[in-house]
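K.L.:
Have a look at this fold, sequence not included:
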């Protein structure tokens, strides 16, 4: 995600420098191979193995974007960001061929700039951002998940099916029609709140409630020395506006030099289905030197209504950085499930039971290898 | 719409300067909130209010683009332009979530570069442009509409439903498969003519006429001192090639220093439905200093077959420019309708009666606030 | 396809030069007009003529892209490429309005970067590329087709319907989920091999074979002095993984100064339909000076099951280069067909019999004119 500031260099050369200094083009490509084998056929008819090109990215998502900042004077700045996602397997904008399951959540079909399409102002008062943007609550999860919401084998794979969809939009990961405010960082504290009404409320149409598709989201983080703490919440109403889904996350990290430890707890309260899913996870990342690092994490996920709807997953990954922008990676994960584990509790693959991913209640092992390059 | 010439700076630095000097990346993001309330339920079952994020832009549309010019010598230049539209609410390429109704017209689904995808040559003889491009007749309207075909509360909202669609394409605003010629400006006069045959005429297929989806469009403008005059016409055949829709506009403007006045008359002759819609509008823009400007406009629109199919709309807007590229805005409009006013005569929201917008024959009030940033 | 290295100039100006030197923005726009008339109604009900805007490009396809290279030290480099196609008639990303028939093959709907979405490493060992990329076998055809797989009247129009589609993806021209390896050029020899498993193999789903949608492709070329030789093969399994289509091409070229001659033979073995189509073609390109060049080619194409399923096509083209990046062109072609010639043997227009193109068994003549500009 290092940015390619295509025009910064122009500053010293031409008169209208403000015009030239503002567009940063950037992106990321992650491509590789994954393989999954189910290790026990407990209740379903599914069995066997699956494998293929990891077009959605084994670690980071595939995206490209434009962004810029304009200095308005007196410390005030205008900012914009356009960012879209694609599959490194097919080049499709919607990643629907994703072997890792979560891609549909991250760049729905037709959303050219499905990750970001926003504009705002920043200054001493903080930052106000209007438009399609990353969910504040999801940002809290990203900061405390030991796997950093990687595209494979991470807390992302539970957040998506439990909090990530409302009314056809992908509220909860990337929020549409949102206005958010982020505070400046004061004494180590940073907070962000956002609210969205992406679809038109029409008093006389099928949208029977002014809350239809609305959402609220927020996060707060604290950093002091080696310690970091985060909490977040996102709350989405469905298309009818009658019920909502709430995701709440708390967690933290501690840096011990080469070793960084992280842990979190998240609760998904789905008032539409009257179910609750809870998850905790912990793990760490170790810098081995020479550009090599390892990470390991453990996740425990369970639903409240059916005690067999649960999973435990352990994952180990290794990366070799070839530069700041390019890395090779490999990771392997094993998942043990209850006999009723479904898409909401299976972290291995979100598409569980319908296409990709192990069948309902299936134990599974999977691995992936690949390359990641940012520009 | 100020352009970010990402590579101009390179000119002095490297040998192959021509290669570097040609791509200009530019765009615009307009995001805000709108609210509409119907003020009288005359004949329909509709009532109530609607509000939400103005993803299509309250004033300017949301777009991004690439363009460039190559000097071929002897005054000849090659030009290209690629430009696409998106929603600042969702990042979608087709803006179908637009609260303002007109967005579907301006960037149909799937048209990555739905606003411009053209190439051409320019020189002393003028400019020839081939491919997807803005309709010449619509350019005439844009120059004389006191609201400058803004995305909300402007003459755009009548042009779209009356002239903007033919055969599934959005002929009339952005023309597909067009070849156009623009004269040089001589003694204040500029003219442009264009013709398009975007879809294949197939003598043996369902396209029963060689005129299917064809269109012609033109404009002429005259500027001298404070005075500017424009006239334009666009003529589109439907998919069967049997009938056409013609839009004809005349108008002008006069600059009195801080105050600029504009007015126009447009006639939409729909030979497919055998209806005519006429509209006149006038108004002005006043520069209050300190980057603040106000505009006010009045529009009268009526159909010929049903005398109750009509509307009058008044709108007032204010803008505060934070820089040449960034502005905050607010506008408020009130519309009084006949009891049969439909989408063709309602300027407030084009989606009238089907989704967004007031119901048939509904009076309405609406306001919008937002921020606009160009790069 | 000359590249606009938008940031190269920044090298000397800022500290983190590596960040700035890497994004090259480039593209091509080709727009013009085509006209086709059927010259004999042999067996079908079709007759008549068709014409329109050549939105897919008369010579080169319309595309835009980003690419870059990062120096990793010790001769190792990381490379990426994102490239998408569009119609110059409508700006659509999928070119489905193409009058030339082959466009759907070259940029399927929804594939934002349908031409390239890949990342890889290169060095003394050669180049490894992962992701959406051009088919190696098709590259062999492109190098020996006298028309250089132009969008009109070239060997492309037989490759597409015979080798270009498998399982809904466009394997065979642009390959999804591919990993390819290209050797360094040694003693004039270059070789490339690639394999793809773009869709997930799911042992328990409707994909009944692990070969579903899989493909292999390769090419080898030899250049010495004026002589160049190429051979290539692509082999694609269908969605069921039960049968495959193989395309094999051999050919060469010889440069005689102003004149370059080329010829090739290709065999399409379709084990799904149990048919074989063979084609040979030859022709040349002559540089007339002053930026003017002419090309002429002859193609003979026939199927093995029905001896009346065949065609012969002759084409002559002329180009006037206005610069290295801009050219005007015109070409005219005549095709004589057997009474059962269908889309697999008609080189004139691939959409033969269903929409665009002459009817089954139709002789036809066609011409096109246009302008091509790269940036």
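P.N.:
Okay, I see it. Keep in mind the model is a prediction, meaning the values are calculated, not measured.

K.L.:
Enumerate the residues of the stretch 51-200 of chain A near chain B.
P.N.:
Within the stretch 51-200 of chain A, the residues that sit near chain B (Cβ under 8 Å from any Cβ of the partner chain) are A:66, A:68, A:70, A:72-73, A:76, A:78, A:80, A:82-84, A:110-121, A:130-132, A:169, A:174, A:176-179, A:196-200. All C-beta atoms are positioned from the backbone trio N, CA, C, and that covers glycine.

K.L.:
Pull out the buried members of those residues.
P.N.:
A:66, A:68, A:70, A:72, A:76, A:78, A:80, A:82-84, A:110-121, A:130-132, A:169, A:174, A:176-179, A:196-200 (16 or more other Cβ atoms under 10 Å in any protein chain shown).

K.L.:
Also near chain C: which of those residues, exactly?
P.N.:
Within these, those near chain C by Cβ under 8 Å from any Cβ are A:84, A:112.

K.L.:
Cross the buried ones among the residues of the stretch 51-200 of chain A next to chain B against helices and list the overlap.
P.N.:
When DSSP state H defines the helices, the subset of those inside them is empty.

K.L.:
Can you check the pLDDT for residue A:342?
P.N.:
Residue A:342 is assigned a predicted lDDT (pLDDT) of 85.

K.L.:
What count of nearby residues applies to the spatially closest residue to residue A:310 that is not a sequence neighbour?
P.N.:
Excluding its sequence neighbours, the residue lying closest to residue A:310 (Cβ to Cβ, 6 or more residues apart in numbering or on different chains) is residue A:302, at 3.7 Å. The local packing count at residue A:302 equals 20, with neighbours defined by other Cβ atoms under 10 Å in any protein chain shown.

K.L.:
Let me see the contact set for residue A:302.
P.N.:
For residue A:302, the contacting residues are A:277-279, A:309-311, A:338, A:345, by Cβ atoms under 8 Å, 6 or more residues apart in numbering or on different chains.

K.L.:
redo that, cut-off 10 Å
P.N.:
Shown in contact with residue A:302 (Cβ atoms under 10 Å, 6 or more residues apart in numbering or on different chains): A:276-280, A:308-312, A:338, A:341, A:344-345.

K.L.:
Looking at these, state which has the most neighbours.
P.N.:
Using other Cβ under 10 Å as the contact criterion, the top neighbour count among the contacts of residue A:302 goes to residue A:341, which has 33 neighbours.

K.L.:
Any figure for the gap between it and chain B?
P.N.:
Per Cβ to the nearest Cβ, to the nearest Å, residue A:341 is found 32 Å from chain B.

K.L.:
Remind me which helix or strand that residue belongs to.
P.N.:
Using DSSP states H and E, residue A:341 sits within no helix or strand.

K.L.:
got it, and the one 4 residues further on?
P.N.:
Here residue A:345, judged by DSSP H and E, is contained in no helix and no strand.

K.L.:
Quick one: residues contacting the residue lying closest to residue A:303 once chain neighbours are set aside.
P.N.:
With Cβ to Cβ, 6+ apart as the measure, residue A:309 is the residue that lies nearest to residue A:303, at 3.9 Å, once sequence neighbours are left out. With contacts defined as Cβ under 10 Å, 6+ apart, the neighbours of residue A:309 are A:275, A:277, A:301-303, A:337-342, A:344-346, A:360-361.

K.L.:
and residue A:309, what pLDDT?
P.N.:
At residue A:309, the predicted lDDT confidence score is 95.

K.L.:
cool, the one 5 residues further on as well?
P.N.:
The model reports residue A:314 with a pLDDT of 97.

K.L.:
Show me where the stretch 1-150 of chain A has its strands.
P.N.:
With strands called from DSSP state E, counting those that start in this stretch, the stretch 1-150 of chain A shows them at A:3-4, A:24-40, A:49-53, A:63-73, A:76-85, A:116-123, A:126-134.

K.L.:
Kindly reformat the ones you listed as JSON lines containing mean pLDDT.
P.N.:
Below are those laid out as JSON lines (pLDDT from 0 to 100):
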{"stretch": "strand A:3-4", "mean pLDDT": "39"}
{"stretch": "strand A:24-40", "mean pLDDT": "87"}
{"stretch": "strand A:49-53", "mean pLDDT": "75"}
{"stretch": "strand A:63-73", "mean pLDDT": "94"}
{"stretch": "strand A:76-85", "mean pLDDT": "94"}
{"stretch": "strand A:116-123", "mean pLDDT": "96"}
{"stretch": "strand A:126-134", "mean pLDDT": "95"}
